Each structure stands twice: as C-alpha cells, then as structure tokens.
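> Sequence and computational prediction follow.
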Amino acid sequence: MLKRAFDFTAAFCGLLAIGPILAVMLLIIWLEDFCSPIYMAKRGGRNGVMFHMLKLRSMVKNADKSGLFSTSANDQRITRVGAFVRRHKLDEFGQLWNVLKGDMSLVGPRPPAMPEVDLYTEVERGLLAVRPGVTDFASIVFADEGEILIPFPDAALAYNQYIRPWKNRLGLLYVKHSSFVLDLQLILITLETLLSRRTALERLARILVKLDAPADIVATARRCSPLVAIPPPGASAVFKATDFAH
C-alpha cells in the first residue's frame, strides 16, 4: 500500500535526521527533575483500539493521574522545559516511532485520549475507521489549542464546546476525501506553518473550498474570528458542565 510505504520510509528517515536533537531534548528533560523524559500516552487508534503514543514528557510526573485530557498553555502541571517543548511542538517528534510501528500515519485524524473516545457520538466514531495521524486539517487549524483554552476555568468543558466539534468535523472531512495527494498537501502546509501560520491557514482554507466543505468550517479554518461553541458531530446539543458530572 502506497500510504503505508510512504509513512514507513518518511518516519524512518525522519527519526535518523532528528535523532541527535531528540537525544539532547531527552537529556534536558531528564535533568530538570530526574524523571523519565518519555511519556507513553494512551490514545484511541484505528477501530478504537488503544495504543501507547510516544511523546517527550512536558508535564510533571504522573500528571495524567489527574484525569484531565485537555490542557491549557498555563496548566500548572507543565514543567519549565515542558513549556518550551510544547510551544515548539517538540513533544510530537516521538510519534514518528508510532508511525514506524504502524500505530499511526503521518496524516490522519489526531488520536484522541481514551476518555474522549468514550464521549464520541456514532458519527464521530467514523474518525476511528482510519489510522490516526501526526497531522491533519485540525492539527494545523488548532495548533494553538493550549492558548485557546487559557481564558477558560474548565479546559475540558471548553475543549468539548469550542474545539472538539470543529476538530472532528475537519477530521471527518479528511476521512471522506483522504488520498495520497491530499496527504502530501497537508504535510507541506504543516511545514509551511513554521514560516507563516497565516499563509498556511489560507492555503488550507482554499483546499477545503475545493472539497466543498461547509462555509462555517472554511471560516473556522481561517481563524479570523472567535470560535463558536457548537454540538459535536452527531450530537443535538452543546456540551454542558453537567455532562461531566460523575
């Protein structure tokens, strides 16, 4: 399969190229608190099967025990080195190992945390029909997710109201129109964000227009106006605080 062959080759070459950088980052993270610099995040993979996604640790040890799966940029659990790692997306480099293994693809819907999978509607479960990816429409549009969540006292609630609905609508569009050519375009746009995020978002919006995406999704992808709270795909209402009550 062309996609899998490309993923394997690109991930292998990528790991070789960034190996020295990864080694230095792992040492710096370890030196801050002498805890493991690697974090194995539990994520929902293809068909909803759980896998461990390799990330460079950016939070204090056992931060995941809090039960929170949405993180604002000013979360107190983020370490000093971790703030730098997250800001420059260095924690994502480890996912090339998951691509090499076949848990993930270079391009595909972002892998959700397992608690998020439990909240998925039947429509959203369509995202699990393909391998999750390192990048996609949503990861480009919401690269600043942590900053978006800063003003909200409840990051998980805000995520489910303002980000998840749009992110998963974009993910479902990718599943519907996925192709090798689209994958190459998204990889190039992802790299372009390093030079100009605004130009990258506009280029992505033009692709969405060609795919006949709904106007509100295209407008959201451009990120020129405040995000609007909407129901997740397949749901009839916007999430409320009581939806998370136990």
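Nice, thanks for sending it over. Everything numeric in this text was worked out from a predicted model, so none of it was measured.
> Could you name the helices and strands sitting against the helix or strand bottoming out on mean pLDDT in the chain?
None of the helices or strands of the chain scores lower by mean pLDDT, DSSP states H and E than helix 80-87, at a mean of 84. The elements that helix 80-87 packs onto, with contact taken as 3 or more CB pairs under 8 Å, 6 or more residues apart in numbering; DSSP states H and E, are helix 2-33. To be clear about C-beta, it is placed using only N, CA and C from the backbone, and glycine gets the same treatment.
> Please, where are all the strands along this structure?
Secondary structure of the chain (DSSP state E): strands at 38-44, 50-56, 105-107, 133-135.
> CSV for those strands, including distance to Trp30, mean pLDDT and mean neighbour count?
Below are these laid out as CSV (distance: least, CB to CB, whole Å; pLDDT from 0 to 100; neighbours: other CB atoms under 10 Å):
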stretch, distance to Trp30, mean pLDDT, mean neighbour count
strand 38-44, 9, 93, 19
strand 50-56, 10, 94, 19
strand 105-107, 28, 97, 25
strand 133-135, 24, 96, 25
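> now the ones you listed as JSON lines including distance to Arg4?
Converted to JSON lines, those look like this (distance: least, CB to CB, whole Å):
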{"stretch": "strand 38-44", "distance to Arg4": "19"}
{"stretch": "strand 50-56", "distance to Arg4": "16"}
{"stretch": "strand 105-107", "distance to Arg4": "8"}
{"stretch": "strand 133-135", "distance to Arg4": "13"}
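> what's the closest of those to Trp166?
strand 133-135 (16.2 Å; CB to CB).
> Show me what the closest one pairs with in its sheet, parallel or antiparallel.
The pairing partners recorded for strand 133-135 under DSSP bridges are strand 105-107 (parallel).
> Distance from the partner strand to the middle of the chain?
Distance, stretch centre to chain centre, for strand 105-107: 11 Å (CA atoms, centre = their mean, to the nearest Å).
> Can you name the residues in contact with that strand?
Residues outside strand 105-107 that contact it (CB atoms under 8 Å, 6 or more residues apart in numbering): 3-4, 6-7, 10-11, 99, 130-136, 174, 178, 182-183, 186-187.
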